[in-house]
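Asker: Need the 3D shape of this:
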Amino acid sequence: MAPFEIDNIRADFPILSKEVEGKPLTYLDNGATAQKPSAVINSMSKFYAESNANIHRGIHHLSREATEAYEKSRSEIKAALQLPDSHELIFVRGATEGINLVTHGLEDRLQEGDEVVLTIMEHHANFVPWQILQERKNIKVHVVGLNESGELDLEAWKAAFNEKTRVAAFTHVSNVLGTVNPVSEMTTFAREREVITLVDGAQALPHGPVDLREVGGDFYVFSGHKVFGPDGIGVLTGPRDLLNSFRPYQSGGDMIERVQVSGTTFRDVPERFEAGTPNISATLGLAEAFRYMASIDWKAANAHENSLAEQTTEQLKGLGGIRIFGESTGKTAIVSFLFDIAHPQDIGTILDTEGVAIRIGHHCAQPLMDYYEVPATVRASFAFYNNEADVEAFMRGMHKVKRFFG
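Answerer: Got it, this is the predicted structure:
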């Protein structure tokens, strides 16, 4: 593992040399999607240039080569996640599809009156599928709130469980607040009560390795584009036996065992939930992203990105009129805020003229916005490739906002 040298790290990401409005790009929208290192981009181009073919069943050289690379990617990602032997890894389009697959599979198991426990900090991807299931099955969804620091009210969460609780779904890290939930404690609590758990890991993996043996629980999902990999690819992991009991989520080629006029039988996982031609190049790119992340000194990387977020928070407060959302201990490098003299849309527009990319809006977390009684926030989200020049550019933009509106 090479020492953490920020200039060398930034050189791995071609887009960071781009200029916007005649100024160096300052990319602080990592919570929405992360940038890609050359290794990931090149791996996908190499597949198309040298090995492009459909996987499985083909006996010619290119098909065998593509199949081997695809399944090797699965094995490498399983190993990186420390996936338990009892669990399987399924490639999906992203965390959203992974959650939808689980809710679809659990529909047959849930009965009228059963209950699901969520938290108020969930992304829409972990809200809406359960609400749809609530309408279809007449189940009850409990939503648990936060404390003043933006941490989950863990005692209230535990108190929401009863003899009818069947599922608990919760984010590993809040995409708005940066709050890191105590997922191991939560999955242990649920398992002791025979409650199925689903953890949304989309915002956790960009900040370092996740050991699924330590996380525990049942299902874990994440999206490739947030972990420095390609768009349109993600992962669902879950207990093999439970997944094999689910009805197929989609049907078609490759997920079948035998098709006859009289009926069809289906394969076991993972193929059971990988119907049709998958996103082969993106799968290989995702595996390359994991290889790249394995080369990072994450202790140094986390200290670096957290320092940038802390500097930003303190300098923002120095402007006056700033409200910070989420100040929990151990949070990830996300800074969400409002400025009392300017609308988020105006802040985003002015920052863009300075080459600074941030995110404004409800961040696909409208229940959380309602909880705080605000329509939107401004969010600056950091990755390990950001540097102090990014903080300086961001704050120049914020001082420009203050001059214009103040």
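Asker: Mind listing what's buried along stretch 66-77?
Answerer: Within stretch 66-77, the residues scored as buried using 16 or more other Cβ atoms under 10 Å are 66-67, 69-70, 73-74, 76-77. C-beta coordinates here come from the backbone N, C-alpha and C atoms, glycine included.
Asker: same question but for stretch 215-225, I mixed them up
Answerer: So, applying 16+ other Cβ under 10 Å, buried residues of stretch 215-225: 215-225.
Asker: Tell me the span between the first and last residue of it.
Answerer: Start and end residues of stretch 215-225 are separated by 22 Å (Cα to Cα, to the nearest Å).
Asker: for it, what is the average pLDDT?
Answerer: When pLDDT is averaged over stretch 215-225, the result is 98.
Asker: Show me the helices in the stretch 101-250 of the chain, by range?
Answerer: Ranges of helices within the stretch 101-250 of the chain are 128-137, 154-159, 183-192, 212-215, 240-244, based on DSSP state H, counting those that start in this stretch.
Asker: any chance of the ones you listed in JSON lines, plus distance to Phe384?
Answerer: Putting the helices of the stretch 101-250 of the chain into JSON lines (distance: least, Cβ to Cβ, whole Å) gives the following:
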{"stretch": "helix 128-137", "distance to Phe384": "31"}
{"stretch": "helix 154-159", "distance to Phe384": "29"}
{"stretch": "helix 183-192", "distance to Phe384": "22"}
{"stretch": "helix 212-215", "distance to Phe384": "21"}
{"stretch": "helix 240-244", "distance to Phe384": "33"}
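Asker: what helices or strands is the helix or strand Val259 falls within leaning on?
Answerer: Assigned by DSSP states H and E, Val259 belongs to strand 256-260. Using 3 or more Cβ pairs under 8 Å, 6 or more residues apart in numbering; DSSP states H and E, the elements in contact with strand 256-260 are strand 263-266.
Asker: need the strands for the stretch 51-200 of the chain, in chain order.
Answerer: All strands of the stretch 51-200 of the chain, identified by DSSP state E, counting those that start in this stretch, fall at 87-92, 115-119, 140-144, 165-171, 196-200.
Asker: Relative to Ala125, which of those is closest?
Answerer: Evaluated over the strands of the stretch 51-200 of the chain, closeness to Ala125 peaks at strand 196-200, with 7.1 Å, by Cβ to Cβ.
Asker: and the closest one, which strands flank it?
Answerer: Strand pairing for strand 196-200, using DSSP bridges, gives strand 165-171 (parallel), strand 219-223 (parallel).
Asker: Now do the longest one: distance to the chain's middle.
Answerer: Per Cα atoms, centre = their mean, to the nearest Å, the displacement of strand 165-171 from the mean C-alpha position of its chain is 17 Å.
Asker: And the contacts of it?
Answerer: 99, 106, 109-110, 114-119, 121-123, 126, 130, 139, 152, 161, 181, 183, 186, 190, 193, 195-200, 202-203 (Cβ atoms under 8 Å, 6 or more residues apart in numbering).
Asker: what about 6 Å?
Answerer: 110, 114-119, 122, 126, 181, 190, 195-198, 200 (Cβ atoms under 6 Å, 6 or more residues apart in numbering).
Asker: Over to the last one?
Answerer: For strand 219-223, the surrounding residues in contact (Cβ under 6 Å, 6+ apart) are 94-95, 98-99, 102, 198-202, 205, 212, 234-238.
Asker: ok so, going back, so which of the strands of the stretch 51-200 of the chain gets nearest Thr332?
Answerer: Thr332 lies closest to strand 165-171 among these, at 11.4 Å (Cβ to Cβ).
Asker: Please report the average pLDDT across the closest one, rounded to a whole number.
Answerer: 98.
Asker: got the angle for it vs strand 140-144?
Answerer: 40 degrees (axes from the mean of the first three to the mean of the last three Cα atoms, to 10 degrees).
Asker: Convert strand 165-171 to PDB, retaining C-alpha atoms only.
Answerer: This file holds the C-alpha atoms of strand 165-171, laid out as PDB (Å, rounded to 0.1, in the frame of the first residue of the first chain):
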ATOM      1  CA  THR A 165     -42.100  -6.600  13.500                       C
ATOM      2  CA  ARG A 166     -40.800  -8.600  10.500                       C
ATOM      3  CA  VAL A 167     -38.300  -6.200   8.800                       C
ATOM      4  CA  ALA A 168     -35.900  -3.400   9.800                       C
ATOM      5  CA  ALA A 169     -34.400  -1.400   7.000                       C
ATOM      6  CA  PHE A 170     -31.800   1.400   7.700                       C
ATOM      7  CA  THR A 171     -29.000   3.300   6.100                       C
END
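Asker: ok, Phe290 - contacts?
Answerer: 77, 80.
Asker: pLDDT score for it?
Answerer: Note on Phe290: pLDDT of 98.
Asker: going forward can the numbers begin at 33, since that is how I track them
Answerer: From this message on, residue numbering opens at 33, which makes the last subject Phe322.
Asker: Output the helix or strand hosting it as PDB, restricted to C-alpha atoms.
Answerer: Per DSSP H and E, Phe322 falls inside helix 312-326. Output of helix 312-326 as PDB, limited to C-alpha atoms (Å, rounded to 0.1, in the frame of the first residue of the first chain):
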ATOM      1  CA  ILE A 312     -20.600  -6.900 -18.200                       C
ATOM      2  CA  SER A 313     -18.200  -4.000 -18.700                       C
ATOM      3  CA  ALA A 314     -19.600  -2.200 -15.600                       C
ATOM      4  CA  THR A 315     -19.100  -5.300 -13.500                       C
ATOM      5  CA  LEU A 316     -15.500  -5.500 -14.500                       C
ATOM      6  CA  GLY A 317     -15.200  -1.700 -13.800                       C
ATOM      7  CA  LEU A 318     -16.700  -2.200 -10.400                       C
ATOM      8  CA  ALA A 319     -14.100  -4.900  -9.600                       C
ATOM      9  CA  GLU A 320     -11.400  -2.600 -10.700                       C
ATOM     10  CA  ALA A 321     -12.800   0.100  -8.400                       C
ATOM     11  CA  PHE A 322     -12.500  -2.300  -5.500                       C
ATOM     12  CA  ARG A 323      -8.900  -3.100  -6.500                       C
ATOM     13  CA  TYR A 324      -8.100   0.600  -6.600                       C
ATOM     14  CA  MET A 325      -9.800   1.200  -3.200                       C
ATOM     15  CA  ALA A 326      -7.700  -1.600  -1.800                       C
END
